[in-house]
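Visitor: quick one, structure for this:
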Amino acid sequence: MIYVDADACPVKEEIERIATRHKIPVAMVCNGGLRPSRNPLIELVIVPEGPDVADMWIADRATGADLVITNDIPLAAKCVEAGAEVLRPNGEPLTAKNIGNVLATRDLMADLRAADPFRQGGGKGFTKADRSRFLQAMEDALRRLKRKG
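Guide: Numbering: from 1, shown residues only. Predicted coordinates for the structure are as follows:
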């Protein structure tokens with residue numbers, strides 16, 4: 001199964017295309033506002049509004065047989081702990097080896113933003129290179145899962 005933290009995911013179409021080719025079901029989890037796919041492999045899961053409700057839904061279900069796609073670092077950490085393959089939409093894999101550093105960096109940046117109200121703004125924009133990296137990383141992750149199972 002592929003679980004997608006779908007509210008702000010920029011690679012939903014790519015996920016659907018690759019999942020269809022591999023015949024793997026996908027749960028697109030969101031708080032609403034997404035159009036359901038006609039693809040029978042794609043399930044739209046709408047969770048109630050609230051902080052981290054979609055994240056908790058995914059974290060409660062992800063196992064070592066699953067791929068999770070999210071930019072949410074605490075959710076990624078829970079899924080890595082459960083044994084799932086985890087990818088960010090830019091193709092960066094989150095693993096047991098790097099999730100601690102990624103969490104620490106996230107916390108540090110949050111502290112810096114809180115200490116300096118002028119340090120605002122987002123990170124880099126999503127690029128074609130990010131999309132390409134994601135496509136390759138997703139293919140690699142699905143191959144690893146197939147070898148596991």
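Visitor: quick one: low-confidence ranges for this structure?
Guide: Applying pLDDT under 70 to the chain flags the ranges 101, 104-123.
Visitor: give me the contacts around the longest helix seen in it.
Guide: For the chain, the helix with the greatest residue count under DSSP state H is helix 128-148. Applying CB atoms under 8 Å, 6 or more residues apart in numbering, the contact partners of helix 128-148 are 10-11, 14-15, 18, 22, 24, 64-67, 69, 85, 87, 89-93. For every residue, glycine as well, the C-beta is placed using N, CA and C.
Visitor: among the residues you listed, which are in helices?
Guide: Using DSSP H, the contacts of helix 128-148 in helices are Glu14, Ile15, Ile18, His22.
Visitor: now the strands for the protein?
Guide: 2-5, 26-30, 42-46, 67-69, 85-87, 93-94 (DSSP state E).
Visitor: in its sheet, what does the third one sit against?
Guide: Sheet neighbours of strand 42-46, with direction, are listed as strand 26-30 (parallel) (DSSP bridges).
Visitor: distance check, Ala141 against Arg38.
Guide: Distance, Ala141 to Arg38, using CB to CB, to the nearest Å: 25 Å.
Visitor: the two - which one has more neighbours?
Guide: Ala141 (21 against 6; other CB atoms under 10 Å).
Visitor: which residue, other than its chain neighbours, is closest to the more buried one?
Guide: Excluding its sequence neighbours, the residue lying closest to Ala141 (CB to CB, 6 or more residues apart in numbering) is Glu85, at 4.4 Å.
Visitor: stretch 33-43: which residues count as buried?
Guide: Going by neighbour count (16 or more other CB atoms under 10 Å), the buried part of stretch 33-43 is Leu34, Ser37, Ile42.
Visitor: contact partners of it?
Guide: Counting by CB under 8 Å, 6+ apart, 6-7, 12, 16, 19-20, 23-28, 44 sit against stretch 33-43.
Visitor: convert the C-alpha atoms of it to CSV, please.
Guide: Provided in CSV are the C-alpha atoms of stretch 33-43 (Å, rounded to 0.1, in the frame of the first residue of the first chain):
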residue,chain,number,x,y,z
GLY,A,33,-10.7,19.6,-1.1
LEU,A,34,-9.2,16.9,-3.4
ARG,A,35,-11.1,15.6,-6.4
PRO,A,36,-11.5,11.8,-6.2
SER,A,37,-9.7,9.8,-8.9
ARG,A,38,-11.6,7.4,-11.2
ASN,A,39,-8.7,5.0,-10.9
PRO,A,40,-9.9,2.0,-8.8
LEU,A,41,-6.5,1.7,-7.2
ILE,A,42,-6.7,5.2,-5.7
GLU,A,43,-8.7,5.7,-2.6
